[in-house]
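Peer 1: kindly generate the corresponding structure for this input.
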Amino acid sequence: MSEGWLALIQQALGLLFSRDPEVWSIISVSFSVSFAALLITLLPSMILGFALAFVQFPGRWLVTNLVQTLQSIPTVVVGLLAYLLLTRNGALGDLRWLFTQKGMILGQMMICAPVLIAMSHAAFTSVDRRAWETSRTLGASWTSAIWVVCRELRVPLLLAIIAAFSRIITEVGCSMMVGGNIAHVTRNIPTAISLETSKGDFAQAIALGLVLLVLALILNFALGTLRGRANPRSH
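Peer 2: All right, here's what the predicted structure looks like:
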């Protein structure tokens, strides 16, 4: 590795460990927006995923295929749709959420929901239905029976949550279009990396990229640990 790159990495680490206000403002916006979008979307998406797997209703096949289609749509297209909804003449224009964190949360919810629904639906479909039927036969309420099934599927459901969070915290197109990349307001990690790289400020871009790398390592380590506990080795 050349001395130039070593110097850039040292500068990047310096920005992180010195708690540079601009860098940490970007990190704060990114995590607060993405966590909010995930938390708001999580329960309704899981419920819909469960319903698609266990409840027979008219149009279930159509809803399932629609969800699978939506999760493959590029984030910039989702951003365009969110922009059209939030623009002054759009259906949600009166909310005045365009170029705000609330608008970014809405856009990331639109990205997050199809991933959560599709992956939770796949998880619920794979479970042994006897766990659900036995719980209901023994008099458990709907919520208690669902909790039993979710405990059986804690690893794949956690994988769905991690996949959804990873998708929204790293997306650029929707955040750029709906948030506007405003410093200290809507500038998050992916939009800042794109901006700083185009300006030639590689130190800040590397610092923010390291944050995402560390996050990925933590999430994968946590998931691997959970998988190991769920599937202990036989002796």
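Peer 1: just the element for residue 85, please.
Peer 2: According to DSSP states H and E, residue 85 maps onto helix 75-86.
Peer 1: how far out from the middle of the chain is that helix?
Peer 2: Going by C-alpha atoms, centre = their mean, to the nearest Å, the spacing between the C-alpha centre of helix 75-86 and its chain's C-alpha centre is 17 Å.
Peer 1: report the buried residues of that helix.
Peer 2: By neighbour count, with 16 or more other C-beta atoms under 10 Å as the criterion, the buried positions of helix 75-86 are 75, 78-83, 85-86. For glycine as for every other residue, the C-beta is placed from the backbone atoms N, C-alpha and C.
Peer 1: so residue 188 makes contact with residue 28?
Peer 2: No. The pair residue 188 / residue 28 is not scored as a contact, 9.3 Å apart, by C-beta atoms under 8 Å.
Peer 1: please say which of the two ends up with more neighbours.
Peer 2: Between residue 188 and residue 28, counting by other C-beta atoms under 10 Å, residue 188 is the more crowded of the two (29 against 12).
Peer 1: which helices and strands does the next helix or strand after the helix holding residue 85 pack with?
Peer 2: Going down the chain from helix 75-86, the next helix or strand is helix 101-126, by DSSP H and E. When contacts are defined as 3 or more C-beta pairs under 8 Å, 6 or more residues apart in numbering; DSSP states H and E, helix 101-126 packs onto helix 21-54, helix 60-70, helix 75-86, helix 154-169, helix 173-179.
Peer 1: residues contacting stretch 123-138, please?
Peer 2: Stretch 123-138 is contacted from outside by 49-50, 52-54, 144-145, 148-149, 152-153, 156-157, 160, using C-beta atoms under 8 Å, 6 or more residues apart in numbering.
Peer 1: coming back round to it: give me the angle between the helix holding residue 85 and helix 60-70.
Peer 2: 110 degrees (axes from the mean of the first three to the mean of the last three C-alpha atoms, to 10 degrees).
Peer 1: could you list the low-pLDDT ranges of this structure?
Peer 2: 1-3, 136, 229-235 (pLDDT under 70).
Peer 1: circling back to that earlier point, need the buried residues of helix 75-86 in TSV (columns: distance to residue 110).
Peer 2: Output for these, formatted as TSV (distance: C-beta to C-beta, whole Å):
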residue	distance to residue 110
75	9
78	5
79	9
80	11
81	7
82	6
83	11
85	9
86	11
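Peer 1: ok, of the contacts of stretch 123-138, which come out buried?
Peer 2: For the contacts of stretch 123-138, buried by 16+ other C-beta under 10 Å: 49-50, 52-54, 145, 148-149, 152-153, 156-157, 160.
Peer 1: one step back: farthest-apart pair in the contacts of stretch 123-138, please.
Peer 2: Maximum pairwise distance in the contacts of stretch 123-138, criterion C-beta to C-beta, is 21.6 Å, between 144 and 160.
Peer 1: tell me the centre residue of this structure?
Peer 2: The centre of the chain sits closest to residue 165, judged by C-alpha atoms, centre = their mean, with a distance of 2.2 Å.
Peer 1: these two touch, right, that one and residue 41?
Peer 2: No. Using C-beta under 8 Å, residue 165 makes no contact with residue 41, being 10.3 Å away.
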